[in-house]
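> This is a predicted model, with the sequence first.
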Amino acid sequence: EVQLVESGGGLVQAGGSLRLSCARSGFASDDYTVGWFREAPGKEREGVSCSKSSDGTTTYGDSVKGRFTISVDNAKNTLYLQMNSLKPEDTAVYYCAVSSWGSCQAYDYWGQGTQVTVSS
């Protein structure tokens with residue numbers, strides 16, 4: 001059974017940092033594109049970052065560039081999102097996702113989400 005389980009969310013003051021983790025299991029290989037998304041109340045789901053397995057490229061949403069970093073540890077089957085200089089507008093439920101098609105535009109596996117709240 002394929003599973004993605006996020007952890008690491010919580011409450012943090014503006015300017016602080018958090019590292020989200022996403023443990024993956026049940027996948028046939030490590031050769032997948034992975035990404036992070038977020039969804040704030042009343043807003044559409046927003047792409048935060050993507051890491052393509054095919055060429056190792058990473059992309060970030062404009063609102064998080066220079067503050068967030070995506071990384072993958074295949075030995076631990078875990079995806080990370082390091083979030084620095086957090087702002088109240090970063091408050092959202094964060095989801096990790098896997099694309100077996102290798103695309104940053106379409107994902108077929110999703111985690112359950114972890115809440116991140118940034119206080120001002």
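Sure, I can see it.
> centroid residue for the chain?
Nearest residue to the geometric centre of the chain (Cα atoms, centre = their mean): residue 36, 2.6 Å.
> In contact with that residue: list those residues for me.
20, 22, 47-50, 68, 70, 79, 81, 94-97 (Cβ atoms under 8 Å, 6 or more residues apart in numbering). Where C-beta positions appear, they are placed from N, C-alpha and C, glycine not excepted.
> got it, and residue 102?
So residue 102 contacts 32-33, 52-54 (Cβ under 8 Å, 6+ apart).
> Narrow the contacts of residue 36 to those in strands?
Among the contacts of residue 36, the members falling in strands (DSSP state E) are 20, 22, 47-50, 68, 70, 79, 81, 94-97.
> for the residues you listed, which one is nearest residue 115?
residue 94 (7.8 Å; Cβ to Cβ).
> so what's the closest residue to that closest one other than its chain neighbours bridging to?
Distances taken as Cβ to Cβ, 6 or more residues apart in numbering put residue 38 closest to residue 94, at 4.8 Å, once the chain neighbours are dropped. On the basis of DSSP bridges, residue 38 is bridged to residue 46, residue 94.
> May I see the PyMOL selection of the buried members of the contacts of residue 102?
Applying 16 or more other Cβ atoms under 10 Å to the contacts of residue 102, the buried members can be selected in PyMOL as follows:
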select buried, resi 32+33+52+53
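> show me where pLDDT drops low in this structure?
Within the chain, no stretch has pLDDT under 70.
> how about the strands in it?
With DSSP E, the ranges of strands along the chain come out as 3-7, 10-13, 18-25, 33-39, 46-51, 58-60, 68-73, 78-83, 92-99, 109-110, 114-119.
> Tell me the helices and strands packed up against the last one.
On a contact count with 3 or more Cβ pairs under 8 Å, 6 or more residues apart in numbering; DSSP states H and E, strand 114-119 meets strand 10-13, strand 18-25, strand 92-99.
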